[in-house]
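*Asks:* got a sequence here, can you model it:
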Amino acid sequence: MAQRHFEGKEHAESYLKFRVSPPQELIDEVLNFLRSRTRDYLDLAVDVGCGSGQGTELLAPHFLTVVGTDISPAQIKVASGKEHAPNVSYRESPAEELPFEDDVADLVTSMAAAHWFDHPRFLKEADRILKPGGCLALLSYTMDFELEYKESTSKLNEICEEFYAALLPFRKAYLGSSSLEVYKKIYDSVTYDDKEWHKCLRCPTVMPLSGFIGFVETFTSYQGFLEKDPVEAKRLSQTITNRLLEAMGASSTDTEVTVIVKYFYVLASKPQMS
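*Replies:* Purely as a prediction, here's the structure:
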């Protein structure tokens, strides 16, 4: 059964502001996998569960047409309302009922969203719209981000571990103890013989400390805490921010830190027609 989250206007706007885009290194991995299996001109890419479109836009230079889909009207409104490449558009749609004809997509991807889908139905739908030789690419990351800042890296990560542990009780039971395990099960369910499972790609990204805190606050575990006890959730966030600043010897949340995001991903190619 599909899970529905991130659908409110305020959450969609914070998603746009704080969620990180997949690194170019990872997009290149997807494109290299695809191009090694098809000689055709790359026509259509479909980004399922696109949210506010950070990852969708990265596909624009490589395909004639890119369409981001999401079940949330608020997310689609935010994605459509921001400046985007002329060959990119957004459509409201559940992942299990994609608004495309059979055998039309060169790439079907989902970036940090496939864990919420009804996996059997989504995989069947992705197979339906993919061209023979087309690529399915499911990307996500673990929540145990690491921080690096001068000589205080070790202390920062101790504090972050406490932050993540405090949010763990509010994690959606649907996800179990690890979203990585959810994706491993999706990988096992993919029926294509040509498929790859990549467990960890460590990618650094620089952002202000406020951006890191905002990023964590977009996650369903924090949102669950916020819904249950908004005062305590905000107090936790502020306490963690203050402790991180103290450990950094900094006074402003505009101070930039390096955030290590640990990506994992599934790549699979639909068989060519014999």
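
*Asks:* after the longest helix along the chain, next one along is what?
*Replies:* In the chain, assigned by DSSP state H, the helix with the most residues is helix 230-248. Toward the C-terminal end, the helix or strand that comes next after helix 230-248 (DSSP states H and E) is strand 256-269.

*Asks:* helices and strands around that following strand, which ones?
*Replies:* Contact here means 3 or more CB pairs under 8 Å, 6 or more residues apart in numbering; DSSP states H and E; on that basis strand 256-269 packs against helix 24-35, strand 130-141, strand 146-148, helix 179-189, strand 195-208, helix 209-217. In this view, the C-beta of every residue, glycine as well, is placed from N, C-alpha and C.

*Asks:* next, the angle from the last one to strand 195-208.
*Replies:* With axes from the mean of the first three to the mean of the last three CA atoms, to 10 degrees as the criterion, the two stretches helix 209-217 and strand 195-208 enclose an angle of 140 degrees.

*Asks:* try the fourth one
*Replies:* Put simply, helix 179-189 runs at 150 degrees to strand 195-208, going by the same axes, to 10 degrees.

*Asks:* which residues are in contact with helix 179-189?
*Replies:* With CB atoms under 8 Å, 6 or more residues apart in numbering as the test, helix 179-189 has contacts from 114-115, 119-120, 123, 138, 140, 142-143, 175-176, 195, 197, 199, 264-266, 268.

*Asks:* ditto for the longest one
*Replies:* The set of residues external to strand 195-208 that reach it, using CB under 8 Å, 6+ apart, is 20, 23, 25-26, 29, 33, 148, 180, 184, 187, 215, 253-269.

*Asks:* coming back round to it: so which of the helices and strands packed on strand 256-269 gets nearest residue 49?
*Replies:* Nearest of those to residue 49, taken as CB to CB: strand 130-141 at 9.9 Å.

*Asks:* and the closest one, which strands flank it?
*Replies:* Applying DSSP bridges, strand 130-141 is found paired with strand 105-111 (parallel), strand 256-269 (antiparallel).

*Asks:* tell me where the stretch 1-150 of the chain has helices.
*Replies:* Remark: helices assigned in the stretch 1-150 of the chain by DSSP state H, counting those that start in this stretch are 9-18, 24-35, 54-58, 73-81, 119-129.

*Asks:* give me the below-cutoff pLDDT ranges for the protein.
*Replies:* Where the chain drops to pLDDT under 70, the residues are 1-19, 173-177, 274.

*Asks:* tell me the spacing between the most centrally placed residue in it and residue 218.
*Replies:* Computing the C-alpha centroid of the chain and ranking residues by CA atoms, centre = their mean puts residue 112 first, at 2.3 Å. Going from residue 112 to residue 218 by CB to CB, to the nearest Å gives 10 Å.

*Asks:* which of the helices of the stretch 1-150 of the chain sits closest to residue 164?
*Replies:* Of all the helices of the stretch 1-150 of the chain, helix 9-18 sits nearest to residue 164, with 16.4 Å by CB to CB.

*Asks:* residue 68 and residue 82, how far apart?
*Replies:* 11 Å.

*Asks:* out of those two, which sits in the more crowded spot?
*Replies:* Neighbour count, other CB atoms under 10 Å: between residue 68 and residue 82, residue 68 has more, with 30 against 13.

*Asks:* wait, isn't that one in contact with residue 89?
*Replies:* Yes: contact criterion CB atoms under 8 Å: residue 68 and residue 89 qualify, at 7.5 Å.

*Asks:* give me the phi and psi angles of the residue nearest to the centre of the chain.
*Replies:* Backbone torsions of residue 112, given as degrees, to the nearest 10, read phi 60, psi 40.

*Asks:* my guess is residue 49 meets residue 79, correct?
*Replies:* No: in this structure, residue 49 is not within contact of residue 79 by CB under 8 Å, at 11.4 Å.
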